[in-house]
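Q: following is a predicted model, sequence given first.
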Amino acid sequence: MVDVNTLPRTSLYEQLADEIARQVRMGIFRPGDRLPSVRQISSQRELSITTVLQAYHLLEDRGIIEARPQSGYYVRCQTHRSTPDPEISTPSPDPAQVTVHDLAMMVLRDASNPQLVQFGAAIPDPDLLPTKRLNQILANLARRDDLPQNYFGLPEGHEDLRIQVAQRAVSAGCTLSPDEIVITSGAMEAISLSLRAVCKPGDLVAIESPTYFGVLQTLEVQGLQVLEIPTHHQTGMSLEALRFALDNHPIRAVMAVTNFNNPLGSCMPDEHKQELAALLAGREIPLIEDDINGDLYFNGARPSVVKAYDDQGLVLLCSSFSKDLSPSYRVGWVAPGRFKNQVLRLKMATNIGTAMLPQLAIARFLSSGHYDHHLRKIRRAYAQKVTAMSQAVLEAFPEGTRVTSPLGGFVLWVQMPEQVDSLVLYKMALKAGITLVPGYIFSPNDRYRNFIRLNAAYWSPKNERALLRLGGLVARLAETA
């Protein structure tokens, strides 16, 4: 915690007010929370009661806290300036070829540079991952002679892990047997295998807009065309627009992240998921559903998946443990429904099977009972980080900025003033030691020129100054354009 007596120039009450405001942005004090009493702060900080009262009055003037008679001071429910949500996407109604590889590679290389503040690639906060525990399990497994770590294994993956995945799927509304699951080298291999199982080069795939650039790369490599479907930042893909597209285009498959889309953070309501399953079932069109963020919800119960409403085996459900356990272990899975045999043949031809030791380590971690406790911890942390960074963006960026308020995951979709070119900002930010992802990369049609995606997983008091610098760059571009 910052010592207010070491901060320069400003008065003591302003220093105290700034520190409390920072704590609110970080989620240490959340909307509705009661702040420490005036006497308590006075005693802890060795400040006069008058100084503490002046700080609280200043925070009231800023709209950050409110006084409640005979009760104390509380964080206001609205702690940032009122702003509209980002605009709903309006992509081109025509199919498009995909060409995002070069820019995607630039962004991924940034993620490996330790000198940069990582607001770019959607990588989890390493301090929140159970890395030490997983590595201990891995080391213990490697020392044993009675485990099958020294053979390729079957394409479907180790049974122990498939059992754990099947048990976890129940919370998402799915009743899956271990035999219905194929272990993959991360979610992207699961998605790639699924696309190859249901499509051939030249086929048309309906996707959300905006959508994750890794998916666009996979579509590009496989020679597939895409049709972007308008997607709402809260409720996901527009089913009305999808229905129209299905009526007017030869769509071979649909792809969607139904829970906490990247980059929007949208979560499709359960009734929409059921409607989507019925819509595609009536036309015998497969859905490739990516649920990589499904366990990272902030409130209530775990959201369901479209696979829960699939009674024809048309949904290929994909996920991985990269966002909540370890991105480096590269362990994912797919429940491919009626397309299992095709997926297994492709898996065999691609790499025979997923690395055995990481599978066994994750299976042991899941079966140990620690996973749910770990998930509760990271959900709380990411909820605070997302809220704090969203508020900080609105304070640091110029008027006209809009930002999403997702209820899961850890990315933010930011719409900047129209004059701001996100690719120009990206290059300026790199020079300032900051990464971000320009909006261009989330569409094959260069649609999101004045949008960026930010990774809230790396939000911290240490990185707050970096966001302030980034806001200054955005303001400069907005003024000079």
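A: Arrived safely, thanks for sending.
Q: what's the single longest helix in this structure?
A: The longest helix of the chain (DSSP state H) is helix 371-396.
Q: list the helices and strands the following helix or strand past that helix packs on?
A: Elements were assigned by DSSP states H and E; along the chain past helix 371-396, the next helix or strand is strand 402-403. Judged by 3 or more C-beta pairs under 8 Å, 6 or more residues apart in numbering; DSSP states H and E, strand 402-403 is in contact with helix 371-396, strand 411-415. To be clear about C-beta, it is placed using only N, CA and C from the backbone, and glycine gets the same treatment.
Q: tell me where the stretch 301-450 of the chain has helices.
A: Applying DSSP state H, counting those that start in this stretch to the stretch 301-450 of the chain gives helices spanning 340-351, 356-367, 371-396, 422-431.
Q: can you mark which positions in the shortest one are buried?
A: Looking back up the chat, that one is helix 422-431. Neighbour-count burial for helix 422-431 flags 422, 425-426, 428-430 (criterion: 16 or more other C-beta atoms under 10 Å).
Q: and if you look at the first one?
A: Going by neighbour count (16+ other C-beta under 10 Å), the buried part of helix 340-351 is 340, 342-344, 346-347.
Q: of the residues you listed, just say which sits nearest to residue 31.
A: Set against residue 31, the nearest of the buried residues of helix 340-351 by C-beta to C-beta is residue 343 (45.2 Å).
Q: returning to that earlier point: distance to residue 177 and pLDDT added to the buried residues of helix 340-351, as TSV?
A: Output for the buried residues of helix 340-351, formatted as TSV (distance: C-beta to C-beta, whole Å; pLDDT from 0 to 100):
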residue	distance to residue 177	pLDDT
340	11	97
342	18	97
343	16	98
344	15	96
346	21	97
347	18	95
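Q: any idea which helix or strand in the chain has the lowest mean pLDDT?
A: Of the helices and strands making up the chain, the lowest-confidence element is helix 101-110, at a mean of 77, by mean pLDDT, DSSP states H and E.
Q: elements contacting that helix?
A: helix 213-221.
Q: now the angle from the following helix or strand past the helix it packs on to helix 213-221?
A: Note on helix 213-221: by DSSP H and E, the next helix or strand toward the C-terminus is strand 225-232. Taking axes from the mean of the first three to the mean of the last three C-alpha atoms, to 10 degrees, one finds strand 225-232 and helix 213-221 inclined to each other by 160 degrees.
Q: how far out from the middle of the chain is whichever helix or strand comes after strand 225-232?
A: Once strand 225-232 ends, the next helix or strand along the chain (criterion: DSSP H and E) is strand 236-237. Computed by C-alpha atoms, centre = their mean, to the nearest Å, the chain-centroid distance of strand 236-237 equals 15 Å.
Q: average pLDDT for the following helix or strand past strand 236-237?
A: For strand 236-237, the following helix or strand on the C-terminal side (DSSP H and E) is helix 239-248. For helix 239-248, mean pLDDT rounds to 95.
Q: which non-adjacent residue is nearest residue 195?
A: residue 222 (5.8 Å; C-beta to C-beta, 6 or more residues apart in numbering).
Q: quick check: end-to-end length of stretch 400-420?
A: 11 Å (C-alpha to C-alpha, to the nearest Å).
Q: give the buried residues for it.
A: 400-404, 406-417, 420.
Q: tell me where the model's unsure across this structure.
A: 1-10, 26-27, 61-63, 69-70, 77-84, 89-101, 145-152, 481 (pLDDT under 70).
Q: could you chop it up by domain?
A: 4-75, 130-367, 373-480 (automatic domain parsing).
Q: between those, which one is nearest to residue 121?
A: Using C-beta to C-beta, those put domain 373-480 closest to residue 121, at 6.6 Å.
Q: can you give me the helices for the stretch 151-300 of the chain?
A: Using DSSP H, counting those that start in this stretch, helices in the stretch 151-300 of the chain cover 159-169, 187-198, 213-221, 239-248, 270-281.
Q: which one, of those, ends up nearest to residue 331?
A: Going by C-beta to C-beta, the one of these nearest residue 331 is helix 159-169, 7.5 Å.
Q: so which elements touch the closest one?
A: Looks like helix 159-169 contacts strand 182-184, strand 332-335, helix 356-367 (3+ C-beta pairs under 8 Å, 6+ apart).
Q: residues contacting the least confident helix or strand of the chain, please?
A: 116, 118, 120-121, 213-214, 216-217, 220, 430, 435, 437-438, 440-441 (C-beta atoms under 8 Å, 6 or more residues apart in numbering).
Q: check the gap between residue 114 and residue 435 for me.
A: For residue 114, the distance to residue 435 (C-beta to C-beta, to the nearest Å) stands at 11 Å.
Q: comparing those two, which residue is more hemmed in?
A: residue 435 (23 against 5; other C-beta atoms under 10 Å).
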